[in-house]
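**Student:** Here is a sequence together with a model predicted from it:
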Amino acid sequence: MQRVMILGQPGAGKSTLARRLGDLTGLPVFHIDLIHWKPGWVERSQAEKGQLCAQVHAQDRWIFEGGHSRSWPERLARCDTLIWLDIPLYIRLPRVIRRSLKHYGQPRPDLPENCPERLDPEFWKYIWITRRTSRMKMAELYAKAPPDKAKYRLQNRHQVDRFLDDIH
């Protein structure tokens with residue numbers, strides 16, 4: 001396990017899993033939110049995001065968590081391990097709300113400076129609108145992953161904990 005791709009919808013636990021896996025393996029962790037956003041909640045251009053993702057993909061060792069589906073083919077080609085956190089909406093939505101309340105007004109560790117956590121109805125709307133389409137994209141990517149990739153579809157916290165226990 002040298003290059004790990006972690007996918008999942010908002011609130012699935014991607015950042016948490018990436019940090020925990022990074023602690024266990026010593027692999028460097030990269031968060032898509034640090035690529036997607038500049039300080040002050042300014043979105044980077046598609047070209048800039050693509051370039052930054054390519055820089056991560058080119059490295060020999062990484063854990064890269066998050067979306068930016070335009071970069072998935074390259075990330076999938078480079079990874080040796082694919083983890084899909086396929087967590088149901090009824091678990092994810094309360095997690096997003098708890099996370100927003102816990103970090104309200106301050107940046108989370110996986111966000112750039114000057115991006116304080118906020119209660120963002122637009123983000124909740126995005127979660128609701130993409131609950132099926134985004135999951136279908138991830139399911140398709142997972143199903144089409146080449147057989148030389150180690151693949152893990154984790155659907156609840158107990159499976160995530162067991163996966164991490166097996167890494168020890």
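**Tutor:** Cool, the structure landed.
**Student:** List the buried residues in stretch 90-107.
**Tutor:** Counting neighbours by 16 or more other CB atoms under 10 Å, one finds that the buried residues in stretch 90-107 are 92, 93, 96, 99, 100, 107. Heads up, the C-betas are built off the backbone N, CA and C, glycines and all.
**Student:** pLDDT at the first one, what is it?
**Tutor:** For residue 92, the pLDDT comes out at 93.
**Student:** distance of it from residue 162?
**Tutor:** Here the criterion is CB to CB, to the nearest Å. By it, residue 92 lies 20 Å from residue 162.
**Student:** could I get the buried residues of stretch 90-107 as a markdown table with secondary structure?
**Tutor:** Compiled in a markdown table, those are given as follows (DSSP: H, G, I helix; E, B strand; the rest coil):
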| residue | secondary structure |
| --- | --- |
| 92 | helix |
| 93 | helix |
| 96 | helix |
| 99 | helix |
| 100 | helix |
| 107 | coil |
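**Student:** Mind putting those into CSV with distance to residue 13?
**Tutor:** Written out in CSV, the entries for the buried residues of stretch 90-107 read as follows (distance: CB to CB, whole Å):
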residue, distance to residue 13
92, 9
93, 13
96, 11
99, 10
100, 15
107, 19
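**Student:** in the chain, which helix or strand is least confident?
**Tutor:** Ranked by mean pLDDT, DSSP states H and E, the weakest helix or strand in the chain is helix 121-129, scoring a mean of 86.
**Student:** can you pull out the strands in this structure?
**Tutor:** Assigned by DSSP state E, the chain shows strands spanning 3-8, 29-31, 37-38, 42-43, 62-65, 81-85, 150-154.
**Student:** Please identify the most buried of the ones you listed.
**Tutor:** The highest mean neighbour count among those belongs to strand 62-65 (a mean of 26), with neighbours defined as mean count of other CB atoms under 10 Å.
**Student:** same for that one, what does it pack against?
**Tutor:** Using 3 or more CB pairs under 8 Å, 6 or more residues apart in numbering; DSSP states H and E as the contact definition, the elements that strand 62-65 packs against are strand 3-8, helix 14-25, strand 29-31, helix 46-57.
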